[in-house]
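S.K.: Generate a structure from the sequence data that follows.
(3 chains)
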Amino acid sequence: MTAQRLDRETLALRVAREFEDGDVVNLGIGIPTLAANYIPEGRTVLFHTENGAVGFGPFPAEGEEDIHLTNAGGGFVTPLPGMSIFDSVEAFTIVRGGYLDITVLGAMQVSETGDLANWLRPGRVIGGIGGAMDIVAGATRVIAAMEHTDKQGNPKIVKRCTLPLTAVGCVDTIITDMAVIAVTSRGLVLLEHAPGLSPQEIQAATEATLIISPDLKEIEL
Amino acid sequence: MKQKLDRVAIAMRVTREFKDGDVVNLGVGMPTLCSSYLPQDRKVWLHAENGVLGYGPFADEGHQDPDLINASGQFVSPSPGISFFSSADAFNMIRGGHVDISVLGGFQVSEKGDLANWILPGRGSGNIGGAMELVTGAKKVIIAMEHTTKAGEPKLVAECAYPLTGKGCVDLIVTDLGVVEITEQGFLLLEIVHGFTPEEVQSVTGAPLAVSPDLREMEF
Amino acid sequence: MTTKAPKAPKGRSPGDKVYVTFAEAVADIPDGASILIGHFGGPGGMPMHLIRALRDHGSRDLTIIGNTAGIGVVFGAKREAVRIDPGILVANGQVSRVIASYPIAPGAPQPNPLEEGVKSGAIQLETNPQGILAERIRAGGAGIPAFWSPVGIGTVVEEGKEKRVIDGVEYILERAIRADFALVRAYKADKTGNLVYRGNTRHLNVSMATAAEVTIAEVDEIVEPGDLDPDRIVTPGIYVNRIVQRPKEMRGK
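M.R.: Numbering: from 1, shown residues only, chains lettered A, B, ... in the order given. Here you go, the predicted model:
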């Protein structure tokens, strides 16, 4: 079997396995949004969005789009029985009040202590903070879902973030196209690897030092 | 013949202060009577801390809805344009400066406009309710009360002896003897009940009472 | 943001909230005004016609406050529907200050008017965490001048702000926002200004309606007082000064 990185859809599939039945989940823009399409069978996940809804469904069919029902990124979503609608103040009350179980966000950099940088790209003067700072401060669990390296091949999992921070020490789990990594008080622990990739290959693409879990296994999908 | 005003007459006089479109909050006691004597030629939006805006007079027997009461727990009636919301929103309206007039009862009002209306002497506790927010946020605070206590002691005083609800918050006092404005210089008698003299009103007032050059008989 | 807004135009009675044209509703917005503009990540809940009327009105040196300063055409919604957003005010050179959470889409073409303006110093930009932006506006409408926030500790957000430890946790003092005008979008209004919304378009509109000297609502339909179920009213009419109904062919868009 040849070693290969996960594609975006497969990465989203792995992310979705983290959702427990009944979890309230907020998905950031990009790869995280794709996870909505891969909820494990038999589990109910309540999706939350900053513009004011909980309990909506994935993309509508062509022609079923309602301009008055979108997620925070402006993408169309569908109504589901039990969905509720409110304003942004309420949406963030839910976040800061501790009612959000999981958030999945994209990241530009994650540090070995769980610092997250995901709002200002290098070389740009303007970035969108959006709901990210509020959400990582309030969510019970923060998952960073991203490519392991940037387009030039530079590591995105680093000793210290060089980009402006979204938050200090907020990330619990990093899921990339190469690995699943837990952020612990001892450092970054490599839990799962993509098919065919060795821990050494993953470490080579990572600036921070990885501790290899004694239970290291291949990513299950 | 001269006679002090009764509670209804005081409430009727208070409602003459309401302008078209005003948002008005009525406190417990005499102020709530105002809801039944609103001026017919203007729209006044009655606001209550339990989350209603635009309610009407007290509801008649048989039309009482337990889901439509004012903050004093009295049954009131709906009027067109009425809306319901949470107490948090009701207080946003108050603190946010969206309430034009607050009408409250008072135990004592000082010549500087301090208000004491929540702890009675001799009692260890009292009810603050929405009063502290109202006197902070309402654009105009009107006190509706008897001029003296049942024992005849002045309720308009130099300094409040009771714990304060708010400092320097009162704009106007409507009593059973007259209408008194709080000015930089202290109490100013604007209107007086038929048959009484300013001297008589001064004699039951606990601080100097200036008399307006435009003093007129109280109408309601 | 403490400047007093002018009163209603001459010839209108104070209680008359119904304006026939969008142009009339924004005609007294002066140079230098601060303006809350309701919208989020797409066209839903955006007062597009008021924004366009404000561009045509042309007042300058504006402070605009909202989730974005124009998200352009990048995100999911249909292109033709999102062409009008606060970005047209920036492109028209009317804006000197922006308070936003997601000022510009990351994939926005370069150069773009906002980024150029920020680089040259012509536009002052303050980027807020979204929930804190919402809460600052809510606080402004609720008469709370500032509040302690747990969001953004250790980031640029805390720069220049007072900090305090409460029960062992560090907090930042965030100031309330009030503005001269708010442009909001609702579904229906009655003539007293009571508003109801459709779908999840309440987002920032609900709090913005409470936090301006003059609140102007763009709605699909204006009905008589009593026609809206009081149990369903989200924004009580006392917050709303002006209402404008969209022409029939523009409703629900």
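S.K.: CA only for contacts and neighbour counts going forward, please
M.R.: OK.
S.K.: low-scoring stretches of the chain, by residue?
M.R.: You didn't pick a chain, so chain A it is. A:1-3 (pLDDT under 70).
S.K.: my bad, chain C
M.R.: In chain C, residues with pLDDT under 70: C:1-15, C:72-83, C:106, C:252-253.
S.K.: Helices of that one, residue ranges please.
M.R.: For chain C, the helices defined by DSSP state H occupy C:22-26, C:48-57, C:79-82, C:87-91, C:113-120, C:130-142, C:205-208.
S.K.: same check, this time on chain B
M.R.: Going by DSSP H, chain B shows helices at B:7-15, B:30-33, B:87-95, B:131-137, B:198-203.
S.K.: quick check: mean pLDDT across the third one?
M.R.: Read that as helix B:87-95. Averaging pLDDT along helix B:87-95 gives 89.
S.K.: just to revisit the earlier point, nearest approach to chain B belongs to which of the helices of chain C?
M.R.: Closest to chain B of those is helix C:130-142 (Cα to the nearest Cα; 3.7 Å).
S.K.: okay, that closest one in PDB with CA atoms only?
M.R.: Provided in PDB are the C-alpha atoms of helix C:130-142 (Å, rounded to 0.1, in the frame of the first residue of the first chain):
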ATOM      1  CA  GLN C 130     -17.900  38.400  16.600                       C
ATOM      2  CA  GLY C 131     -19.700  37.600  19.800                       C
ATOM      3  CA  ILE C 132     -18.000  40.500  21.500                       C
ATOM      4  CA  LEU C 133     -19.100  42.800  18.700                       C
ATOM      5  CA  ALA C 134     -22.700  41.500  19.100                       C
ATOM      6  CA  GLU C 135     -22.400  41.900  22.900                       C
ATOM      7  CA  ARG C 136     -21.000  45.400  22.600                       C
ATOM      8  CA  ILE C 137     -23.900  46.500  20.500                       C
ATOM      9  CA  ARG C 138     -26.400  44.800  22.800                       C
ATOM     10  CA  ALA C 139     -24.800  46.500  25.800                       C
ATOM     11  CA  GLY C 140     -25.000  49.800  24.000                       C
ATOM     12  CA  GLY C 141     -28.700  49.400  23.500                       C
ATOM     13  CA  ALA C 142     -29.100  48.200  27.000                       C
END
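S.K.: hmm, back to that, can you tell me which of the helices of chain C is nearest to B:L172?
M.R.: helix C:130-142 (25.1 Å; Cα to Cα).
S.K.: So which elements touch the closest one?
M.R.: On a contact count with 3 or more Cα pairs under 8 Å, 6 or more residues apart in numbering or on different chains; DSSP states H and E, helix C:130-142 meets helix A:88-96, helix A:132-138, helix B:87-95, strand C:146-149, strand C:169-175, helix C:205-208.
S.K.: Let me have these in CSV, adding mean neighbour count and distance to A:E18 as columns.
M.R.: As requested, the helices and strands packed on helix C:130-142 are exported to CSV (neighbours: other Cα atoms under 10 Å in any protein chain shown; distance: least, Cα to Cα, whole Å):
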stretch, mean neighbour count, distance to A:E18
helix A:88-96, 23, 19
helix A:132-138, 26, 17
helix B:87-95, 22, 37
strand C:146-149, 17, 29
strand C:169-175, 18, 29
helix C:205-208, 29, 34
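S.K.: would you list these in a markdown table and tack on distance to A:L69?
M.R.: Shown next, in a markdown table, are the helices and strands packed on helix C:130-142 (distance: least, Cα to Cα, whole Å):
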| stretch | distance to A:L69 |
| --- | --- |
| helix A:88-96 | 14 |
| helix A:132-138 | 21 |
| helix B:87-95 | 25 |
| strand C:146-149 | 29 |
| strand C:169-175 | 30 |
| helix C:205-208 | 15 |
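S.K.: returning to what we had before: list just the one of the helices of chain B that sits closest to C:V118.
M.R.: Judging the helices of chain B by Cα to Cα, what sits closest to C:V118 is helix B:87-95, at 34.7 Å.
S.K.: Can the closest one be said to contact chain A?
M.R.: No: using Cα under 8 Å from any Cα of the partner chain, helix B:87-95 stays clear of chain A, with a minimum separation of 12.2 Å.
S.K.: relative to helix C:130-142, how tilted is that helix?
M.R.: On the basis of axes from the mean of the first three to the mean of the last three Cα atoms, to 10 degrees, helix B:87-95 is oriented at 60 degrees to helix C:130-142.
S.K.: My guess is C:T215 contacts C:V240. True?
M.R.: Yes: using Cα atoms under 8 Å, C:T215 makes contact with C:V240 at a distance of 5.0 Å.
S.K.: okay, and the common contacts of these two?
M.R.: With contacts defined as Cα atoms under 8 Å, 6 or more residues apart in numbering or on different chains, the residues shared by C:T215 and C:V240 are C:A209.
S.K.: thinking again about what came up before, highest average neighbour count across the helices of chain C?
M.R.: Comparing the helices of chain C by mean neighbour count (mean count of other Cα atoms under 10 Å in any protein chain shown), helix C:205-208 comes out on top with a mean of 29.
S.K.: got the CA coordinates for that one in CSV?
M.R.: What follows is helix C:205-208 as a C-alpha-only set of coordinates in CSV (Å, rounded to 0.1, in the frame of the first residue of the first chain):
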residue,chain,number,x,y,z
ASN,C,205,-30.4,43.2,13.5
VAL,C,206,-32.1,42.6,16.9
SER,C,207,-29.4,44.2,19.0
MET,C,208,-28.6,46.9,16.5
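S.K.: Roughly how far does the residue of chain B most remote from its centre sit from chain A?
M.R.: When distances are taken from the C-alpha mean of chain B, B:G62 lies farthest, 28.9 Å away, according to Cα atoms, centre = their mean. Per Cα to the nearest Cα, to the nearest Å, B:G62 is found 36 Å from chain A.
S.K.: same check, this time on B:E184
M.R.: Relative to chain A, and taking Cα to the nearest Cα, B:E184 is found at 41 Å.
S.K.: Touching, that residue and B:K112? I think so.
M.R.: Yes: contact status for B:E184 versus B:K112: in contact at 7.5 Å, counting by Cα under 8 Å.
S.K.: Mind listing the strands the longest strand along chain A pairs with, and their directions?
M.R.: Across chain A, the longest stretch assigned as strand under DSSP state E is strand A:210-218. Paired neighbours of strand A:210-218 in the sheet (DSSP bridges): strand A:187-193 (parallel).
S.K.: Can you name the element that comes right after the strand it pairs with?
M.R.: Beyond strand A:187-193 in the direction of the C-terminus, DSSP states H and E gives the next helix or strand as helix A:199-204.
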